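>>> Give me a model of this one.
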Amino acid sequence: MSADDMLLKKIKGIQEILPAQIDFTELKFKLRSDDNPLNVVLLQEVERYNTMLGVIDGNLYMLDRGIQGLSVITPDLQEIQAAMLDNKVPLKWGSYYFSMKALSRWLDDLNDRMEFFTRWCAKGLPYVFFISAFMYPNGFNTALLQRFSRRSFGANIVSIDRLEFDFGVIPRPVSDITEYAKDGAYVTGLILEGAKWNKEKQNLMEPDIMELYDLMPVMHFKPISKRTRALPNSYGCPCYYYPNRAGSVSRDSYIMQIDLKSGDVPPTFWIKRGTAILLSNAL
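Residues are numbered from 1 along each chain as shown. Now for the predicted structure:
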């Protein structure tokens, strides 16, 4: 196979697995009478993903035509072509959300994300939210606080600045959770780096040799009034979007702090270890 033939085959392969866009107009009409803040987040996320998928689909179409000599290959398409041949995510595609995955794994991840939102659109609010699917997970967190404030305080809505999350671990697989959280939401997709979660004692522990990441159990993000004192024997674990904790010039990778039980060692141990939670790893 020539390089052009290989690239044409790769373009066709990506076009076949590229997830379909969600009908934004139909979704907006469907949610028109529901003022749940989470629906606003859903609409924003779907709009962003539809835009990204449209760009990817258009780039693949034009690149295919360019390789066949039917149109001009622009400098932008040349960059996409070079990245695809190296199994890297083109910068134009990767600009929509943080990721350090190779192109093949990035496409699998994209399909997982779109599957979550497509299911949400079709079946309504999920029992468990795949937080790693959100381009802007802080929007999701803010919506949970807003919904709690409206439900709990009625007309005397409390500012979300006076609220925070209590993080509880749910020792059940996602498939066994068939009810909504009373307050807040059940969340999955959190990845522990620099430690392992002890499922028996429900606290942090040393990871196994060569174990880089550990998938956290389902967690309950429960809104509460801000505490006046820190939790005892608790590590305020920083949560980042992906392994590059510095993020980019235009956007920070840091999302929030998640309190986890420190276990047999003091919280300072995990601070020195650099233990953190990620929404996306490099694998």
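
>>> R227 against E164, yeah?
Yes: R227 lies in contact with E164 (Cβ atoms under 8 Å); the separation is 7.0 Å. The way it works is simple: take the backbone N, C-alpha and C, and place the C-beta from them, glycine included.

>>> Give me the more crowded residue out of these two.
E164 (17 against 10; other Cβ atoms under 10 Å).

>>> For the more buried one, pull up the helix or strand it's in.
strand 163-170 (DSSP states H and E).

>>> List the neighbouring strands of that strand plus their orientation.
strand 218-225 (antiparallel) (DSSP bridges).

>>> tell me how far whichever helix or strand comes after the partner strand is from the chain's mean position?
Scanning forward in sequence from strand 218-225 by DSSP H and E, the next helix or strand is strand 234-240. Centroid separation between strand 234-240 and its chain, computed with Cα atoms, centre = their mean, to the nearest Å, is 17 Å.

>>> I would like the residues contacting strand 234-240, please.
Strand 234-240 is contacted by residues 190, 204, 230, 245, 247, 253-262, 267, 270-271, 275-279 when judged by Cβ atoms under 8 Å, 6 or more residues apart in numbering.

>>> And for stretch 149-168?
The contact list for stretch 149-168, computed with Cβ under 8 Å, 6+ apart, reads 37, 141-142, 144-146, 148, 183-184, 219-227, 256, 258-260.

>>> how long is that stretch from one end to the other?
One end of stretch 149-168 to the other measures 19 Å (Cα to Cα, to the nearest Å).

>>> Could I get the buried residue list for it?
By 16 or more other Cβ atoms under 10 Å, the buried positions in stretch 149-168 come out as 149, 160, 163-165, 167.

>>> avg pLDDT for that stretch?
For stretch 149-168, mean pLDDT rounds to 82.

>>> Let me see the ranges of the strands in the chain.
Secondary structure of the chain (DSSP state E): strands located at 128-130, 163-170, 185-188, 191-193, 196-198, 203-205, 213-215, 218-225, 234-240, 254-261, 276-278.

>>> can you put the ones you listed in JSON lines and add distance to M52?
Below are the strands of the chain laid out as JSON lines (distance: least, Cβ to Cβ, whole Å):
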{"stretch": "strand 128-130", "distance to M52": "17"}
{"stretch": "strand 163-170", "distance to M52": "29"}
{"stretch": "strand 185-188", "distance to M52": "23"}
{"stretch": "strand 191-193", "distance to M52": "23"}
{"stretch": "strand 196-198", "distance to M52": "32"}
{"stretch": "strand 203-205", "distance to M52": "35"}
{"stretch": "strand 213-215", "distance to M52": "26"}
{"stretch": "strand 218-225", "distance to M52": "26"}
{"stretch": "strand 234-240", "distance to M52": "21"}
{"stretch": "strand 254-261", "distance to M52": "20"}
{"stretch": "strand 276-278", "distance to M52": "21"}
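
>>> Among those, which comes closest to L42?
Smallest distance to L42 across those (Cβ to Cβ): 10.5 Å, for strand 128-130.

>>> Quickly list the domain ranges of this protein.
By the assignment in automatic domain parsing, the chain contains the domains 3-125, 167-278.

>>> could I get those domains as JSON lines with distance to Y136?
Formatted as JSON lines, the domains of the chain follow (distance: least, Cβ to Cβ, whole Å):
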{"stretch": "domain 3-125", "distance to Y136": "7"}
{"stretch": "domain 167-278", "distance to Y136": "9"}
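
>>> of all the ones you listed, which lies closest to I131?
I131 lies closest to domain 167-278 among the domains of the chain, at 4.8 Å (Cβ to Cβ).
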